[in-house]
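J.: Predicted structure and sequence below. I'll ask about it afterward.
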Amino acid sequence: MHLQELLDIGHLLDSFPGPPSPIYLVAAVVFLIWTSASLYVYYFRRKVFAGNGALIGMATKFGPYAIAIGVIGLFLLAMRYLGIPYISVRFLLYLTMLAAIGYVGFLIYYLVRRYPSRLAEVRAAEIRRRYAPERKRGKRRR
């Protein structure tokens, strides 16, 4: 594949793109691993990140986006292999790959810039909860 072909709008938006090249098999494996790992981390986040509430919150907040990107990528690759016209357009698959790269970039940004302050907030809340005096249950104030 040449760069000129990759940048050609007619090539990207071709409704009947023809049989996929072997590179699509690599993309299918990558999206399958991505989706499987995202599902595992999301559904078992309390076990995977035991004791780290900030990472549990991060997995809860951002996990569904990773799952959605992976499922869309697998769907578009399946349509490409089946040769379904208009849905197997190269542009949609490339856009999904760019979304995956952007998502990884965002996670790196979040871990470097936002995660340390979020971790400090979660730890401070844990300390407050642990050492706060318990309310008495017997008497009511009037």
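T.: Perfect, thanks for sending it. Computed from a predicted structure; not experimentally measured.

J.: quick one: average pLDDT of stretch 111-124?
T.: In this model, stretch 111-124 has an average pLDDT of 86.

J.: Could you list the buried residues of it?
T.: Using 16 or more other C-beta atoms under 10 Å as the burial criterion, the residues of stretch 111-124 that qualify are 118, 119, 122. Just so you know, the C-beta spots here come from the backbone N, C-alpha and C atoms, and that holds for glycine as well.

J.: Ok, stretch 94-112 next?
T.: Going by neighbour count (16+ other C-beta under 10 Å), the buried part of stretch 94-112 is 96, 97, 100, 103.

J.: ditto for stretch 27-45
T.: By neighbour count on 16+ other C-beta under 10 Å, the buried set for stretch 27-45 is 27, 28, 31, 34, 35, 38, 41, 42, 45.

J.: Can you show me the helices along this structure?
T.: 3-7, 9-12, 23-43, 45-48, 53-82, 90-109, 115-131 (DSSP state H).

J.: Identify the residues contacting the last one?
T.: Contacts of helix 115-131 with the rest of the structure, by C-beta atoms under 8 Å, 6 or more residues apart in numbering, involve 52, 53, 54, 57, 58.

J.: Could you measure from the second one over to residue 29?
T.: This means residue 53. 33 Å (C-beta to C-beta, to the nearest Å).

J.: wait, what's in contact with the residue most central in space within the chain?
T.: The structure's the chain has its C-alpha centroid closest to residue 66; by C-alpha atoms, centre = their mean the separation is 1.6 Å. Contacts for residue 66 (C-beta under 8 Å, 6+ apart) come out as 34, 38, 41, 42, 103.

J.: Using a markdown table, please lay out those together with pLDDT and distance to residue 88.
T.: Formatted as a markdown table, the contacts of residue 66 follow (pLDDT from 0 to 100; distance: C-beta to C-beta, whole Å):
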| residue | pLDDT | distance to residue 88 |
| --- | --- | --- |
| 34 | 95 | 20 |
| 38 | 96 | 23 |
| 41 | 94 | 29 |
| 42 | 95 | 28 |
| 103 | 96 | 23 |
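
J.: That's all I had, so thanks and see you.
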